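Undergrad: sharing a model that was predicted from the sequence below.
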Amino acid sequence: MEIKITKTASPKTMLPENELGFGKYFSDHMFVMDYDTEKGWHDARIVPFGNISLHPASTVLHYGAEIFEGLKAYRRADGGIQLFRPLENIRRMNNSAERMCLPVIDENDALEILTRFVELEKDWVPHSVGTSFYLRPFMFGNDEHLGVHAVSRATFMLIGSPSGSYYKEGINPVKIMIESEDVRTVRGGTGYAKCGGNYAASTRAGERANKKGYSQVLWLDGVERKYIEEVGAMNVMFKIDGEIVTPALTGSILPGITRKSCIEVLKSLGYKVSERLLSVDELMEAVRNGKLEEAWGCGTAAVVSPIGRLMYEDVEYSINGEKIGKTTQKLYDILTGIQWGTEEDKFGWIYKID
Ligand SMILES: *Cc1c(COP(=O)(O)O)cnc(C)c1O
């Protein structure tokens with residue numbers, strides 16, 4: 001595919017790597033591509049990073065037609081750069097697009113966009129342990145009228161943000177509150193799509209949990225308020241009596257690539273992994289009789305995030321003495337080892353750029 005490149009006239013300097021944080025600073029350029037029903041995707045271009053202008057009636061501003069992805073470019077010790085399962089992100093983005101009536105992008109084109117962008121921005125991929133260049137592809141409907149129907153114009157963009165280590169102060173288990181009022185999504189809704197609206201609707205519960213001293217909420221299903229779904233914006237796994245249990249992908253759960261990778265790693269280590277419905281009653285029963293050995297969230301940002309305390313109906317329970325468990329630690333070590341290239345990639349998950 002043809003990508004027109006316009007380089008910035010005023011390159012920025014990279015911040016000290018220990019000051020990066022997450023998603024606060026952006027590299028010098030961004031990728032943009034337009035879609036309309038006549039021309040399909042066109043005008044693929046990399047331009048200097050900057051504000052964009054939208055028609056005030058743009059679909060995304062009124063009806064929320066927006067989807068996104070998140071993945072990281074990792075710097076290896078030999079200086080090279082690699083991505084982790086990028087095709088999984090591309091396929092998920094197309095599934096999200098389909099759900100939101102947005103146009104899909106050819107898989108090879110999407111991979112080429114990621115590759116060319118990271119190549120151009122390679123100096124923005126930090127070197128320190130645990131750091132990465134976070135890639136945020138996103139797409140929005142951009143019709144310039146207020147009629148409600150499938151979009152006939154859309155924009156796809158890719159921005160990149162050098163990001164600090166998620167665990168600068170070490171992996172500390174977090175406190176989680178089981179949410180019994182708000183729900184994130186319902187089956188038949190948009191739960192399996194990575195769309196901005198899901199985030200807008202789940203912010204309130206997260207904020208309320210923060211105020212009470214919890215870092216995230218554990219979501220229950222939207223129909224019966226009975227089955228465990230996700231934790232914040234991460235998938236969730238439990239080790240109950242030696243077995244790994246994670247909620248099945250029923251349609252209201254985001255199919256995480258970290259979740260999928262954890263399952264594959266755990267199975268390769270000989271663990272029994274069940275993807276099934278897990279009710280909050282079953283979970284609390286396991287907590288009370290000491291069978292809940294470990295609990296963790298999993299997602300690209302944190303990789304795995306151990307859960308140390310769980311609050312349900314005004315009672316707080318502690319898990320594994322509020323320490324990271326053996327299985328959680330092992331998963332973290334294996335996945336981060338593959339991602340940063342210090343561990344052999346037995347699964348064929350790495351896509352080298354450089
Ligand atoms: C992105 C996301 C995840 C994690 O997906 P990964 O592919 O592992 O990063 C989990 N839940 C929600 C709601 C998400 O948006």
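TA: Cool, the structure landed.
Undergrad: flag every buried residue along stretch 174-188.
TA: Burial within stretch 174-188, assessed by neighbour count using 16 or more other Cβ atoms under 10 Å, is assigned to 174, 175, 176, 177, 178, 179, 182, 183, 184, 185. C-beta here means a position set from N, CA and C on the backbone, and glycine is covered the same way.
Undergrad: max pairwise distance over these: which two?
TA: Within the buried residues of stretch 174-188, 175 and 185 form the most distant pair, 23.7 Å apart (Cβ to Cβ).
Undergrad: hmm, residue 81 is touching residue 126, no?
TA: No - using Cβ atoms under 8 Å as the test, residue 81 is too far from residue 126 to be in contact (10.7 Å).
Undergrad: and for those two, which residues touch both?
TA: 75, 133 (Cβ atoms under 8 Å, 6 or more residues apart in numbering).
Undergrad: and these two? Which one has more around it.
TA: More crowded of residue 81 and residue 126, by other Cβ atoms under 10 Å: residue 126, with 23 against 20.
Undergrad: secondary structure element holding that one?
TA: Per DSSP states H and E: residue 126 is located in neither a helix nor a strand.
Undergrad: how near is it to residue 15?
TA: Separation of residue 126 from residue 15 (Cβ to Cβ, to the nearest Å): 9 Å.
Undergrad: what sits in contact with each of these two?
TA: residue 162.
Undergrad: per-residue confidence at residue 192?
TA: For residue 192, the pLDDT comes out at 97.
Undergrad: an error on my part: the question was meant for residue 14.
TA: Residue 14 is assigned 88 on the pLDDT scale.
Undergrad: make sure it is actually in contact with residue 161.
TA: No - taking contacts as Cβ under 8 Å, residue 14 lies outside contact range of residue 161: 11.6 Å.
Undergrad: pairing partners for the helix or strand hosting residue 217, with directions?
TA: Taking DSSP H and E as the definition, residue 217 sits inside strand 216-220. Strand pairing for strand 216-220, using DSSP bridges, gives strand 174-178 (parallel), strand 228-231 (antiparallel).
Undergrad: what's the mean pLDDT across the first one?
TA: Spelled out, it's strand 174-178. For strand 174-178, the per-residue pLDDT averages 97.
Undergrad: could you do stretch 155-167 as well?
TA: Averaging pLDDT along stretch 155-167 gives 95.
Undergrad: quick check: angle from the longest helix seen in the chain to strand 174-178?
TA: Identified as the longest helix of the chain according to DSSP state H is helix 196-211. Going by axes from the mean of the first three to the mean of the last three Cα atoms, to 10 degrees, helix 196-211 is angled at 110 degrees with respect to strand 174-178.
Undergrad: show me what helix 196-211 is packed against.
TA: Contacts defined by 3 or more Cβ pairs under 8 Å, 6 or more residues apart in numbering; DSSP states H and E place helix 196-211 against strand 66-68, strand 216-220.
Undergrad: same drill for residue 14 and residue 161, tell me which one is more crowded.
TA: residue 161 (19 against 15).
Undergrad: check contacts around the more buried one.
TA: When contacts are counted by Cβ under 8 Å, 6+ apart, residue 161 touches 22, 23, 24, 25, 26, 27, 133, 134, 136.
Undergrad: how about 7 Å then?
TA: Going by Cβ atoms under 7 Å, 6 or more residues apart in numbering, residue 161 touches 23, 25, 26, 134, 136.
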